[in-house]
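A.B. asks: fold the following.
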Amino acid sequence: MKKKKLLATLLTATLAFSLTACGGVAEENTAETVVEKAETTTETAEEAQPEAVENKVVDGITSYGGLTAMADADDPITFTYFLRDSGVAPSEDNPFINKIQELTGVTLKYEYLVGDLDQKLGVMMAGGDYPDLIFAGDSATKLISEGALIPLEDYLPNYPNLWAMYKDTIEEQKQEDGHVYQLEMYAYLNNDGITSAPPIFEAGIGFFVQKAVLEWAGYPEIKTLDQYFDVIEGYMAENPTIDGVATRGFEILNDGWRNWGLINEPQCLKGASNDGAMFVDTTKTPYESSFYQISEEAHTFYKKLNEEYNKGVINAECLTENYDQYIANITSGSVLGFFDQRWNFQQGESLLKNDGKYERTYVAVPVTAPGVKDGYVDGSNGLPTGSNGVGISINCKNPERVLAYFDWLLQREVQDYLRWGIEGTDWNYTDGNSDRVLTDEAREIRRDTAKARDLTGNELAKYTPGWWGLYQDGCAANTDQSAAEYLAQQTEYDQAFLEAYNIQYPAELLSPPTVRPAYYPIWAMNLGDGSEASVVNEKITDLCVKSFSRMVLAKDETEYENLWSTFLTDFDALNTDALKDEVDRQIAAKMGW
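C.D. replies: Below you'll find the model as predicted:
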């Protein structure tokens, strides 16, 4: 009881501040309502648990009978869920999602992002009009600062599978106020051996190039910007069109929050990966941070892009195209190269595979500044980012039902159903039941974006907590983490390509995985919405997007150098120390210095 009273006091104080800042919210959002929910967490969580046919724990995961109905399945409820991604909701006839709805009584009503993410979140916060669930990526820090998400750390121990997934990293998931606001969805987390880290088959970020280009060039080793663009220029000169479409040498994605295709390359040229707003030299103790945006690597890179633009390798319109247009260009097979994160362009590549255009698919090559070892491939450190999960808003009237639902979904039987399908129909065991592969039909369905959305459990699995890595029996939790399935996907063309480089997986073109430090990444840090550090961070992004775009399109070297000089002056006028000091402080705190 003392613990409940303490929690009630803390929540009252927290929400009182939040309500003052927001100017008041609807009746169901009052501090008293949330405190009442928190005080009764233990009792209501117990009531919301699945009615077990036979509860048992196997390899650390609690089973409530697998694909059997929850106790309140006959009490249907719909939760609204905002997603920071653009997309289309699964078909109402999706057999896997319908089965889960039948067994749980829970329906998730998705709202996909249309337009600018920050503008959308701003409207939410201004009116206090929050959906029940929110996935906002690293922009969730704005919601946290606004008090829009409820703390979850006191709920989690009441849900066996959620607790098994998150308990070993609960401290790392806490924000600086001591609360956990999100349930990580896209990372392997330390979990007392329930799963182990997944193997890495392909680079998650980097300079990607079409396999056809490397095949044409004789499977060369590519390590510098000059080598990268030389093969693209050469192939483009001999192939001005591909399947009747004008060849596009190098694409630059610069659409809203998806702006890393324009502004993030210099940190990777310096040997980092997808860290965020600053470059961190981890060879020194304490680590030293600096702004890669104004580095010599940045100057060289954008000068190179300007040269390629003036050669016709880069089209000016790519800088203003939206994400859908970018994917459409990739899907056409006419794009030879780009800098991106694999998950972001995978939709387009899947359609290429579905059309049998395997030579038009992509691999990442280890492009860096001269003498710098590449660091594109992240080895798992088993820690959460803290900003890549689903949060429950203060407007959600039944967070216990949400958490019980997530907990039920984490049963091994349900995870296999959502991510793999039905044994014998969608997948089969291989290698003495230590791994598994999809059937040919199931694999083809997953290569088609629309079919995968409408005929599998992928979309539900994608936006709810799930196990990552390899289970104790050796089987992969996800199809894209299975070595047997990865090799089964390789066509004769893919196999010949890998043999030409004498590698088993494309990731072997790059340096071995780097296990990142505990602070990583900077983009997940909560800078405090409205703080000087946060404001400066946004100003830097805005300045870089504007300035780098102009540099790429400069008419000649003289204009480029003038634009670079102006950029440095504008950058120097910003209070960059505010951001650097805050980043350094959070790095030190995470590293225990």
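
A.B. asks: tell me how this structure divides into domains.
C.D. replies: 1-39, 51-197+383-462, 205-376+497-519 (automatic domain parsing).

A.B. asks: in JSON lines: those, plus distance to Y471, mean neighbour count and mean pLDDT.
C.D. replies: Glycine gets a C-beta too; all of them are placed from N, C-alpha and C. Output for those, formatted as JSON lines (distance: least, Cβ to Cβ, whole Å; neighbours: other Cβ atoms under 10 Å; pLDDT from 0 to 100):
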{"stretch": "domain 1-39", "distance to Y471": "34", "mean neighbour count": "15", "mean pLDDT": "38"}
{"stretch": "domain 51-197+383-462", "distance to Y471": "6", "mean neighbour count": "19", "mean pLDDT": "95"}
{"stretch": "domain 205-376+497-519", "distance to Y471": "21", "mean neighbour count": "19", "mean pLDDT": "97"}
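
A.B. asks: can you show me the CA trace of stretch 103-122 as PDB?
C.D. replies: Taking Å, rounded to 0.1, in the frame of the first residue of the first chain, the C-alpha atoms of stretch 103-122 are listed here in PDB:
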ATOM      1  CA  LEU A 103      -9.100 -14.900 -29.900                       C
ATOM      2  CA  THR A 104      -8.400 -11.600 -28.000                       C
ATOM      3  CA  GLY A 105     -11.400  -9.400 -28.700                       C
ATOM      4  CA  VAL A 106      -8.900  -6.600 -29.600                       C
ATOM      5  CA  THR A 107      -8.800  -4.600 -32.800                       C
ATOM      6  CA  LEU A 108      -6.100  -2.200 -33.600                       C
ATOM      7  CA  LYS A 109      -7.300   0.700 -35.800                       C
ATOM      8  CA  TYR A 110      -4.200   2.100 -37.500                       C
ATOM      9  CA  GLU A 111      -3.700   5.700 -38.500                       C
ATOM     10  CA  TYR A 112      -0.700   6.000 -40.800                       C
ATOM     11  CA  LEU A 113       1.200   9.200 -41.200                       C
ATOM     12  CA  VAL A 114       0.200  11.600 -44.000                       C
ATOM     13  CA  GLY A 115       2.400  14.600 -44.400                       C
ATOM     14  CA  ASP A 116       5.000  15.900 -41.900                       C
ATOM     15  CA  LEU A 117       5.500  13.900 -38.700                       C
ATOM     16  CA  ASP A 118       6.400  16.900 -36.400                       C
ATOM     17  CA  GLN A 119       3.400  18.900 -37.600                       C
ATOM     18  CA  LYS A 120       1.100  15.900 -36.900                       C
ATOM     19  CA  LEU A 121       2.500  15.500 -33.400                       C
ATOM     20  CA  GLY A 122       2.300  19.200 -32.800                       C
END
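
A.B. asks: so what touches it?
C.D. replies: 67-70, 72-89, 100-101, 131, 133, 136-137, 139, 142-143, 256-257, 401, 405, 408, 460, 463-464 (Cβ atoms under 8 Å, 6 or more residues apart in numbering).

A.B. asks: repeat that for stretch 518-535.
C.D. replies: Contacts of stretch 518-535 (Cβ under 8 Å, 6+ apart): 138, 141-142, 144-146, 172, 175-176, 274-278, 280, 287, 381, 383, 385-388, 537, 575, 578-579, 581-583, 586-587, 590-592.

A.B. asks: where do the strands of the stretch 51-200 of the chain begin and end?
C.D. replies: 56-58, 61-63, 77-83, 106-112, 133-135, 183-184, 195-196 (DSSP state E, counting those that start in this stretch).

A.B. asks: brain fart, the stretch 251-400 of the chain
C.D. replies: 279-281, 288-290, 335-341, 362-365, 378-379, 389-392.
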